[in-house]
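Colleague: Next one to model:
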Amino acid sequence: MMPLPALAAAAGARVAARLMRRRDYPANYTNDLALEGLLRFGAASKSQEPIEFVRAVLTQFRGWKPADGLTWRSNPFTFIHLSYAQFSGERAWLDGWVEDARACLKDVPRDAAGGACFVHRPWTGRIFVDMLQAYAVRMAAAGKLSGDGAFFDEAAAQYKHQRDALRDPETGLWSQGRGWGPGADFIAPLAWLRGQGWVIRGMVECLALTPPEHPAAGILRELLHEFSRDLLRLQDARGMWHQVPHRADSYPETTGTGLITHYLLRAAAAGFLPADPYRTAGERALAALCGFVTRDGTVLNGSFGCGPLLNVADYLYRPAPPGDAHTAGTTLLACSAAAEDGVLGFRF
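Modeller: Numbers count the residues shown, from 1 in each chain. This is a model prediction of the structure:
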């Protein structure tokens, strides 16, 4: 059997090659997630080609200069400026980041408890794990760049707020959101796997940005340990997690598994989680995930996107078309984690 780093490198190379056959990637979060995966896979595999490809997408296809597309309202789920600056070394792409984060901190809609609400129809008090992770990372990066500890405090406080609002005490899993559907207090039923991937993504990215001695780092580590323990109980014998993680009758799902794989392995490598059992769990997941990558780089079993849904069946039977737009970036993130030496931290 091929060693895991070689298996991941081969699977990632197929996914990357498929992405780089075209450059028409307009600004939206699934495209930016794919570009982020390319950046990290290029850095992990010590290849400049993916990084140069992303530069061409941003500067030629989109016609962007560094400040373009930065505002927090334009993309509440991903952070391509941060990722591109980190892996290209072009710090100009972070010009204006702190100022924009200050505007976000001031203007983001909030619920009665101070929780940052989704930017669309904010009067409903909607909170949303898809948005939480990027909002928290935006704050933590502003803290890293400015030295202002209030940003770290905000990132940790938002995670604590949504943990208390959305975590199911029986399973330890987080609902995708609150405030969709029949009323402001309605919590989406069950737990969607990609939502769990978003949750752990923000925790680990924020910890990578937050000074370990800052109180926010302790809060985030505690949340990460709790959440990761709950996730490991639901990993299947093959190494995958399922579309509805505590329902074995739902299908093994690749986008959430990809995010969880990447962030378990990064957290173990960075010392945020103990290597035993989290590195082993991440490696099992990565080996299983590679089996869902076809010869032409299409990734199978990726759940079609959705906001918080209103009933159990909609989550259980969510379509999973081959090559769904979320699959490339999440798989590349996972494949990069097999060779993460030297690309774990924030460079600035």
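Colleague: what about V57, neighbour count?
Modeller: A count of neighbours around V57, defined by other C-beta atoms under 10 Å, yields 26. In this view, the C-beta of every residue, glycine as well, is placed from N, C-alpha and C.
Colleague: repeat for H214
Modeller: H214: 16 neighbours (other C-beta under 10 Å).
Colleague: Just say helix, strand or coil for the spatially closest residue to it that is not a sequence neighbour.
Modeller: For H214, ignoring the flanking residues on the chain, the nearest one in space by C-beta to C-beta, 6 or more residues apart in numbering is F152 at 5.2 Å. With DSSP: H, G, I helix; E, B strand; the rest coil as the basis, F152 sits in helix.
Colleague: could you give me the average pLDDT of stretch 24-40?
Modeller: Taken as a whole, stretch 24-40 carries a mean pLDDT of 96.
Colleague: Dump that stretch to PDB, restricted to CA.
Modeller: What follows is stretch 24-40, C-alpha atoms only, in PDB (Å, rounded to 0.1, in the frame of the first residue of the first chain):
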ATOM      1  CA  ASP A  24     -12.600  31.700 -14.500                       C
ATOM      2  CA  TYR A  25     -13.200  31.700 -10.700                       C
ATOM      3  CA  PRO A  26     -15.400  34.700  -9.900                       C
ATOM      4  CA  ALA A  27     -15.400  36.000  -6.300                       C
ATOM      5  CA  ASN A  28     -17.600  33.700  -4.200                       C
ATOM      6  CA  TYR A  29     -16.900  31.600  -1.200                       C
ATOM      7  CA  THR A  30     -16.700  28.200  -2.800                       C
ATOM      8  CA  ASN A  31     -14.200  29.500  -5.400                       C
ATOM      9  CA  ASP A  32     -12.200  31.200  -2.700                       C
ATOM     10  CA  LEU A  33     -12.200  28.000  -0.600                       C
ATOM     11  CA  ALA A  34     -10.800  26.100  -3.600                       C
ATOM     12  CA  LEU A  35      -8.200  28.800  -4.100                       C
ATOM     13  CA  GLU A  36      -7.300  28.600  -0.400                       C
ATOM     14  CA  GLY A  37      -6.800  24.800  -0.700                       C
ATOM     15  CA  LEU A  38      -4.600  25.300  -3.800                       C
ATOM     16  CA  LEU A  39      -2.400  27.800  -1.800                       C
ATOM     17  CA  ARG A  40      -1.900  25.500   1.100                       C
END
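Colleague: Give me the contact list for that stretch.
Modeller: Residues outside stretch 24-40 that contact it (C-beta atoms under 8 Å, 6 or more residues apart in numbering) are 15-16, 19-20, 50-51, 53-54, 57-58, 61-62, 69, 74-80, 83-84, 86-88, 305, 325-326, 328-333, 336, 343.
Colleague: Could you turn the buried ones of the residues you listed into a ChimeraX selection?
Modeller: Buried residues among the contacts of stretch 24-40 (16 or more other C-beta atoms under 10 Å), as a ChimeraX selection:
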select :15,16,19,20,50,51,53,54,57,58,62,75,76,77,78,79,80,83,84,86,87,88,325,326,328,329,330,331,332,333,336,343
